[in-house]
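Peer 1: sequence? don't have it. structure:
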């Protein structure tokens, strides 16, 4: 099993450009998440999706949009990239249902994004 | 709101020495707690998770964590460090929102293992 797959792995953008980060999971999980990781700050939640067609803002949603295309895929879009969005972006998924409170999140390998 | 504090952004130990990485959390109800490890240029890998009722939780690669409710702590230990343990370690607490269960992460501790 591939688990959670993120593309691309690396990207350099110029300020004002747009791009979409792709994420897909093959574990049949309902919940999916986008986080950003910045030095000394751990990971912070950008957006969350409980199921296909539903999304919800996290701690740092400004400047981002998301789309839950189907159960497998959850994409993150930067409409007009800014240098403050230089970061490492991680997608995660999680099993839900039943007594799933302590089910862990499974992470992809990340997208390293630099905005000049 | 929940929060996680990891004391020490960098910890250095000698190979074969005890590893102790500290994590304190704040939560108004019994939390779900996790430790993740991140190797360079990789994603986060689950080391272990807290299970309600347990005090000592065993994980992969010889790591374990002790849950102390009175101290709101969930420190990570390993009796004998190996060079391959060099990585960044994150403690995380799950939100009480029964649907979202988003993770709140500590700022991480980078473990260096000296030969």
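Peer 2: Yep, it's here. This structure is a prediction, so every number in the text was calculated from the model and none was measured.
Peer 1: Give me the buried positions along stretch B:49-56.
Peer 2: B:49-50 (16 or more other C-beta atoms under 10 Å in any protein chain shown). To be clear about C-beta, it is placed using only N, CA and C from the backbone, and glycine gets the same treatment.
Peer 1: Adjacent strands (with direction) for the longest strand along chain B?
Peer 2: Longest strand of chain B, by residue count under DSSP state E: strand B:87-94. Sheet pairing of strand B:87-94 (DSSP bridges) gives strand B:33-38 (antiparallel), strand B:103-105 (antiparallel), strand B:109-114 (antiparallel).
Peer 1: where does the nearest residue to residue B:59 once chain neighbours are set aside fall, phi/psi-wise?
Peer 2: With sequence-adjacent residues excluded and distances taken as C-beta to C-beta, 6 or more residues apart in numbering or on different chains, residue B:59 is closest to residue B:48, at 2.8 Å. Residue B:48 adopts backbone torsions of phi -170, psi 160, taken as degrees, to the nearest 10.
Peer 1: what's the burial count for residue B:48?
Peer 2: When neighbours are counted by other C-beta atoms under 10 Å in any protein chain shown, residue B:48 registers 21.
Peer 1: Residue B:58 is in contact with that one, correct?
Peer 2: Yes - assessed by C-beta atoms under 8 Å, residue B:48 is found in contact with residue B:58 at 6.8 Å.
Peer 1: Common neighbours of these two, please.
Peer 2: Contact with both residue B:48 and residue B:58 is made by residues residue B:64, according to C-beta atoms under 8 Å, 6 or more residues apart in numbering or on different chains.
Peer 1: Test of understanding: give the bridge partners of whichever residue of chain B sits closest to chain A.
Peer 2: Distance from chain A to each residue of chain B (C-beta to the nearest C-beta) is smallest for residue B:105, at 3.4 Å. The residues listed as beta-bridge partners of residue B:105 by DSSP bridges are residue B:92.
Peer 1: give the contact list for it.
Peer 2: The contact partners of residue B:105, taken as C-beta under 8 Å, 6+ apart, are A:42-44, B:4, B:90-92.
Peer 1: Now do it, the pLDDT please.
Peer 2: Residue B:105 is assigned 92 on the pLDDT scale.
Peer 1: Of the strands paired with strand B:87-94, give the one that comes closest to residue B:26.
Peer 2: Ranking the strands paired with strand B:87-94 by proximity to residue B:26 (C-beta to C-beta) places strand B:103-105 first, at 9.6 Å.
Peer 1: what does chain B have sitting close to chain A?
Peer 2: B:4, B:9, B:32, B:34, B:36, B:41-46, B:49-52, B:90, B:92, B:94, B:98-103, B:105-108 (C-beta under 8 Å from any C-beta of the partner chain).
Peer 1: again, 7 Å this time
Peer 2: B:9, B:32, B:34, B:42-44, B:46, B:49-51, B:90, B:99-103, B:105-108 (C-beta under 7 Å from any C-beta of the partner chain).
Peer 1: Restricted to helices, list these.
Peer 2: In helices, judged by DSSP state H, none of the residues of chain B next to chain A are found.
Peer 1: Just the buried ones among the residues you listed, please.
Peer 2: Neighbour counting with 16+ other C-beta under 10 Å marks B:32, B:34, B:43-44, B:46, B:49-50, B:90, B:100-103, B:105-108 as buried within those.
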